[in-house]
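K.L.:
here's a sequence, model it:
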Amino acid sequence: MSAEPDLRRIVDVGPLLKGGRLSPVDLVSGCLAQIAARSEINAFITRTEDRAMEEARAHESEIRAGRYRGPLHGIPIAVKDLIDVAGTPTTSGSAVPARQPGTDAPSITRLRAAGAIIVGKTNLHEFAFGTTSEESAFGPVRNPHDLSRSAGGSSGGSAAALAAGMCFGALGTDTGGSIRIPSAACGTVGLKPTLDEISCEGVVPLSTTCDHLGPMARSVADVALLYAVMKGVDPVPPVGANERLRFGVPRRFFCDRLDPGTRDALDRAVDALRNAGHAVDDVEIEYAASTPDVYLHIVLPEASQFHAPALERFASSYCPGVRIRLEMGRYVLAEDYVRAMRLRTLLTAAVDRVLVGRDALLLPALPIAAPVLGASTVDLGGSPEPVRAAMLRLTQLFNLTGHPSIALPAAQTTDPLPRGIQLVGRRSATERLLEIAAGVELLVR
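P.N.:
Modelled structure (predicted):
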């Protein structure tokens, strides 16, 4: 007997829409109802109910007339409010005057052409410059699994909306982990593609050399569909790799400081892969400990340069923590920026080297469970560590190097909060990483 369809997944809902057994109107109505019912999560800044329902009715008519566009036709999605959607303000989660886009970002254009329906713009850490989605002019995003905790950031609203059943797919941005961190915190799937693979045109920048745009969903197959459409290629669900794979686990620096639930999740993932016949060995990424310094000396000045005009006029409108980080960028010396860019090249080569003869790297996506809202530090191994530094430590390297990486939910037994593992693939091999992730997903949940 075939398995029952999972009505949380695009790949299962799509055929029902195509066959007329499910209506885009009902699907969109259900998502909008869930957004209203779980308003305490604060996942959305702007809801686009009227346009979404109008499009749902039009798409239903198209499908009934035999003009089916493909697996995203009639699927409700959410868009991080850093990405331009024509006719809807791009607030960036800020009280600074919003952009008023007259055109869609290219990724939005492609998704609309594929039949996706936008139900709203999601809340985020202001200007994507944070990891908890607390610093927002529209209030903090709350984790659907525990409202006292962060949904992660900066794409916290997108991950929370998915976890709460408010949409079937979502868009996020990732400059230091902002897709993968909230995906791990909320128990969803998030892909950071290879650097520059998906255009960031029509997206408010944070760091122009580290920014990535990517899809978020509730399964690897769904993420792969969204990714293909955003890239402009035909969407084909990934088939899990059947061959024996080899994974490397970068223990030093990345796995030194993990909370018990995360360590348990990683150990279980390693055991599951080995039991399935895959090879898993420890690796070391040279210069990895320099990652935070390199990252800050690139991201801070790039962000500060972009925001300089707005800071001159609207400094008091920024959230205090974000404003401080932007001001810090003004004091990074040019020679420090150049030195960081050179070290970035060394880090990229180091990741390339450990991937030689291996199919992917395996490590956690987040070293802790979703932190309590308002917490400034987290206890790891008996000593406090700043929340922001802890949350970025496992993801930011791969923004510097541009390697594709994906966060997946992982099983663990120590507490009920989600944990996520991260797979990292070779540069310009995002499709291959998705094939690997589709197989791993079945083993680690």
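K.L.:
for stretch 247-263, C-alpha coordinates in PDB please.
P.N.:
Below are the C-alpha coordinates for stretch 247-263, written out as PDB (Å, rounded to 0.1, in the frame of the first residue of the first chain):
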ATOM      1  CA  PHE A 247      30.300  12.600   5.500                       C
ATOM      2  CA  GLY A 248      32.800  14.700   7.500                       C
ATOM      3  CA  VAL A 249      32.000  16.000  11.000                       C
ATOM      4  CA  PRO A 250      34.100  19.100  11.900                       C
ATOM      5  CA  ARG A 251      34.400  18.500  15.600                       C
ATOM      6  CA  ARG A 252      36.900  21.200  16.600                       C
ATOM      7  CA  PHE A 253      35.400  24.700  17.000                       C
ATOM      8  CA  PHE A 254      32.000  23.600  15.700                       C
ATOM      9  CA  CYS A 255      31.200  20.800  18.200                       C
ATOM     10  CA  ASP A 256      33.200  21.900  21.200                       C
ATOM     11  CA  ARG A 257      30.200  23.700  22.800                       C
ATOM     12  CA  LEU A 258      26.800  22.200  22.300                       C
ATOM     13  CA  ASP A 259      23.900  21.900  24.700                       C
ATOM     14  CA  PRO A 260      22.900  18.300  25.600                       C
ATOM     15  CA  GLY A 261      19.900  18.100  23.200                       C
ATOM     16  CA  THR A 262      22.000  19.300  20.300                       C
ATOM     17  CA  ARG A 263      24.800  16.900  21.000                       C
END
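K.L.:
which residues are contacting it?
P.N.:
Contacts with stretch 247-263, where a contact means CB atoms under 8 Å, 6 or more residues apart in numbering, come from 266, 270, 273, 278-285, 288-289, 291, 354-355, 358-364, 366-369, 378, 380-381, 385, 390, 393-394, 412, 414-415, 417, 419. No exception for glycine: its C-beta is placed from N, CA and C like everyone else's.
K.L.:
which of these count as buried?
P.N.:
Buried members of those, counted by 16 or more other CB atoms under 10 Å: 266, 270, 273, 278, 280, 283, 285, 288, 291, 354-355, 358-364, 366-369, 378, 380, 385, 390, 393-394, 412, 417, 419.
K.L.:
out of those, which sit inside helices?
P.N.:
Applying DSSP state H to these, the entries found in helices are 266, 270, 273, 291, 354, 355, 390.
K.L.:
and residue 162, what does it touch?
P.N.:
Residue 162 sits in contact with 78, 168, 169, 170, 186, 188, 216, 217, 218, where contact means CB under 8 Å, 6+ apart.
K.L.:
so which strand or helix has it?
P.N.:
In this structure, residue 162 sits in helix 156-163 according to DSSP states H and E.
K.L.:
and the angle from the helix or strand following that helix to helix 156-163?
P.N.:
Sequence-wise, the next helix or strand downstream of helix 156-163 (DSSP H and E) is strand 169-174. Using axes from the mean of the first three to the mean of the last three CA atoms, to 10 degrees, the inter-axis angle of strand 169-174 relative to helix 156-163 is 150 degrees.
K.L.:
what strands line up against strand 169-174, and which way round?
P.N.:
strand 76-80 (parallel), strand 212-217 (antiparallel) (DSSP bridges).
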